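Visitor: need a structure here:
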Amino acid sequence: MYKRPILFIALLMLAGICAAGDAQAQIKGRGAGGDNPPAIKRDLRVEGALAELDINYTLLTYGGFSVQVDYTDTRRHQECFIDSAVARFGNLELREVWSRALRSRTPLSAATMNRLLRATNKFGGWHVVDAEGGGIVLYYSAQVAADADGATLKSVINMVAIAADLMEAELSGKDEH
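Guide: Here you go, the predicted model:
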């Protein structure tokens with residue numbers, strides 16, 4: 001009776017684990033000014049979706065895209081990244097959209113880690129990875145279909161940016177990312 005949902009959940013977890021490994025390498029590459037991961041060709045599907053929305057972006061050396069989300073009401077901003085690299089499982093092809101919320105030289109407290117675990121939801125989740133040069137980087141990420149249209153990609157970018165910016169404001173009170 002529950003075999004299919006359990007299998008589906010296991011497959012999603014596997015895709016998340018694969019994507020998390022890629023994201024960790026990318027965070028280390030960009031987190032503290034270290035070497036970038038190996039070059040990946042930019043995915044023209046992402047470029048097309050961003051062009052469809054007339055969103056300004058920066059093409060990064062590793063093939064990903066960076067977009068700036070500005071909030072006029074709070075005068076805050078948030079940088080989001082859209083990866084060109086995709087995770088594949090059968091016919092499923094996903095890419096990661098993510099944004100940093102915090103860089104810290106010290107580990108997060110147990111209470112903060114529990115809060116992050118509870119804040120993870122069906123749309124995305126929190127990740128803590130080691131930063132080059134020491135410390136940690138906290139980021140929020142969500143998976144989106146690799147062939148997502150512009151409107152869908154924009155929704156995911158906004159969701160990721162809001163989650164990361166709110167957590168950044170809560171944990172640091174700053175607007176650095």
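Visitor: ok, now how distant is the residue positioned nearest the centre of the chain from residue 110?
Guide: Nearest to the geometric centre of the chain sits residue 98, at 1.4 Å (C-alpha atoms, centre = their mean). Separation of residue 98 from residue 110 (C-beta to C-beta, to the nearest Å): 24 Å. To be clear about C-beta, it is placed using only N, CA and C from the backbone, and glycine gets the same treatment.
Visitor: just the element for residue 137, please.
Guide: strand 136-145 (DSSP states H and E).
Visitor: residue 85 now?
Guide: Residue 85 belongs to strand 76-89 when assigned by DSSP H and E.
Visitor: between the next helix or strand along the chain from that strand and strand 136-145, what angle do the directions make?
Guide: As assigned by DSSP H and E, the chain's next helix or strand after strand 76-89 is strand 92-104. Angle of strand 92-104 versus strand 136-145, following axes from the mean of the first three to the mean of the last three C-alpha atoms, to 10 degrees, is 160 degrees.
Visitor: pLDDT weak spots in this structure?
Guide: 1-40, 175-177 (pLDDT under 70).
Visitor: hmm, try it at 90
Guide: Residues of the chain meeting the criterion pLDDT under 90: 1-42, 53-55, 61-62, 70-77, 118-122, 132-134, 169-177.
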